[in-house]
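A.B. asks: Next comes the sequence, and after it the predicted model I'd like to discuss.
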Amino acid sequence: MRIGLFGGTFNPVHHGHLLIAEAALERYNLDQVLFIPAGLPPHKKPPLTTTQQRLAMLRLAIRGNRAFRVSDWEIRAGRVVYTYETVEHFHKLYKKAVLYFLLGSDSKKNFSKWVRPSRIRALARLIPAERIAPFASSDIRDRVRRGRSIRYLLPNTVERYIHERRLYRRPE
């Protein structure tokens with residue numbers, strides 16, 4: 001089995017995330033991509049949305065794609081979890097699987113400064129993923145705050161969820 005691990009805050013998840021995951025699935029012949037939202041991101045201030053809201057949006061976004069799954073493992077840890085710990089966890093959980101770690105272009109630049117990058121490389125093959133220009137979670141949050149359209153930037157189900165719960169209305 002070949003499993004792609006895709007971590008991030010996913011605040012909110014958008015088509016750029018989904019396109020990156022789908023491209024990795026095809027290009028590296030993965031059996032599954034596991035989306036792993038961070039509970040307490042080590043490199044960012046905590047999101048205004050709750051972990052449960054981000055989980056709900058992810059589940060809505062991947063609904064219907066049997067190769068995509070969501071894990072709340074980092075969230076359930078209830079603390080800052082470093083990537084090497086996540087990779088170790090899934091390495092133990094899926095002993096016979098080959099793990100791949102999707103690494104965004106912004107993260108790739110400072111990967112050597114991460115906690116235990118050599119451990120990550122030892123347990124998982126890195127998949128460099130380039131950011132898709134029109135898609136950035138921070139831009140989507142800003143558009144919502146300013147009352148601008150987010151149509152076509154993320155799945156309709158996620159857009160509805162954001163509007164129904166009035167997410168991202170306050171400044172960060």
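C.D. replies: Perfect, I can see it now.
A.B. asks: What average pLDDT does whatever helix or strand Ile36 lives in get?
C.D. replies: Using DSSP states H and E, Ile36 sits in strand 32-37. For strand 32-37, the mean per-residue pLDDT is 98.
A.B. asks: next SSE after it?
C.D. replies: Following strand 32-37 in sequence, per DSSP H and E, is helix 51-62.
A.B. asks: Check which helices and strands that next one sits against.
C.D. replies: For helix 51-62, the elements it packs on are helix 15-27, strand 32-37, strand 68-70, helix 156-164, judged by 3 or more CB pairs under 8 Å, 6 or more residues apart in numbering; DSSP states H and E. Where you see a C-beta, it was placed from the backbone N, CA and C, and this is true even at glycine.
A.B. asks: who's in contact with the one helix or strand in the chain whose mean pLDDT sits lowest?
C.D. replies: Ranked by mean pLDDT, DSSP states H and E, the helix or strand of the chain with the weakest confidence is helix 105-109, at a mean of 76. The contact list for helix 105-109, computed with CB atoms under 8 Å, 6 or more residues apart in numbering, reads 128-131.
A.B. asks: one more time with 10 Å, if that's ok
C.D. replies: With CB atoms under 10 Å, 6 or more residues apart in numbering as the test, helix 105-109 has contacts from 7-8, 20, 43, 83, 101, 114, 126, 128-132, 136.
A.B. asks: show me the contacts for Glu130.
C.D. replies: By CB under 10 Å, 6+ apart, the neighbours of Glu130 are 16, 20, 23, 104-106, 108.
A.B. asks: Which one (most neighbours) among those?
C.D. replies: Ile20 (23 neighbours; other CB atoms under 10 Å).
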